[in-house]
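Enquirer: pasting the sequence and the predicted coordinates here, then a few questions.
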Amino acid sequence: MPEQAETSGKDRRRYPRFHGSGLMVNIGGKLVKVAGISAGGMKLESGFKVADGPMRFTLYPSKDGKVDINHGVGGLCVLVRYEGEFIAMRFDPATYPLIKFAAECTIPDSD
């Protein structure tokens with residue numbers, strides 16, 4: 001079962017986290033905002049049904065409220081934990097095209 005409680009991000013983080021920078025993800029049949037992303041996974045706003053096991057997703061860049069569906073990248077992820085209004089997902093696997101896309105669409109987090 002995934003962790004329900006918040007843990008120290010500094011202790012468990014393997015990769016730097018970046019702001020979602022307007023990234024949107026289609027997951028569980030819903031389009032939701034990406035709150036944070038790293039080479040290992042992403043933190044999403046809740047609002048979609050989480051499945052047991054791997055879930056397919058597609059990340060899209062967005063700007064000024066418009067989602068660019070022509071430049072998305074897909075993959076698989078699994079639930080890590082619930083963080084209040086957010087859901088942490090781990091990429092399974094974290095592919096090169098996925099990590100490259102995330103790096104091109106993000107800015108460094110200030111924490």
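Expert: Cool, the structure landed. Everything numeric in this text was worked out from a predicted model, so none of it was measured. Numbers count the residues shown, from 1 in each chain.

Enquirer: just the CA atoms of the longest helix anywhere in the chain, as PDB, please.
Expert: Identified as the longest helix of the chain according to DSSP state H is helix 96-104. In PDB, the C-alpha atoms belonging to helix 96-104 read as follows (Å, rounded to 0.1, in the frame of the first residue of the first chain):
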ATOM      1  CA  TYR A  96      15.000   8.600 -22.200                       C
ATOM      2  CA  PRO A  97      12.300  10.400 -24.400                       C
ATOM      3  CA  LEU A  98      10.200  11.000 -21.200                       C
ATOM      4  CA  ILE A  99      13.100  12.400 -19.200                       C
ATOM      5  CA  LYS A 100      14.200  14.600 -22.200                       C
ATOM      6  CA  PHE A 101      10.700  15.900 -22.600                       C
ATOM      7  CA  ALA A 102      10.400  16.700 -18.900                       C
ATOM      8  CA  ALA A 103      13.700  18.500 -18.900                       C
ATOM      9  CA  GLU A 104      12.800  20.600 -21.900                       C
END
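
Enquirer: report the buried residues of it.
Expert: 98-99, 101-102 (16 or more other Cβ atoms under 10 Å). Just so you know, the C-beta spots here come from the backbone N, C-alpha and C atoms, and that holds for glycine as well.

Enquirer: how about stretch 52-62?
Expert: Judged by neighbour count (16+ other Cβ under 10 Å), stretch 52-62 contains these buried residues: 55, 57, 59-62.

Enquirer: if anything else comes up later, I'll come back, but that's it for now.
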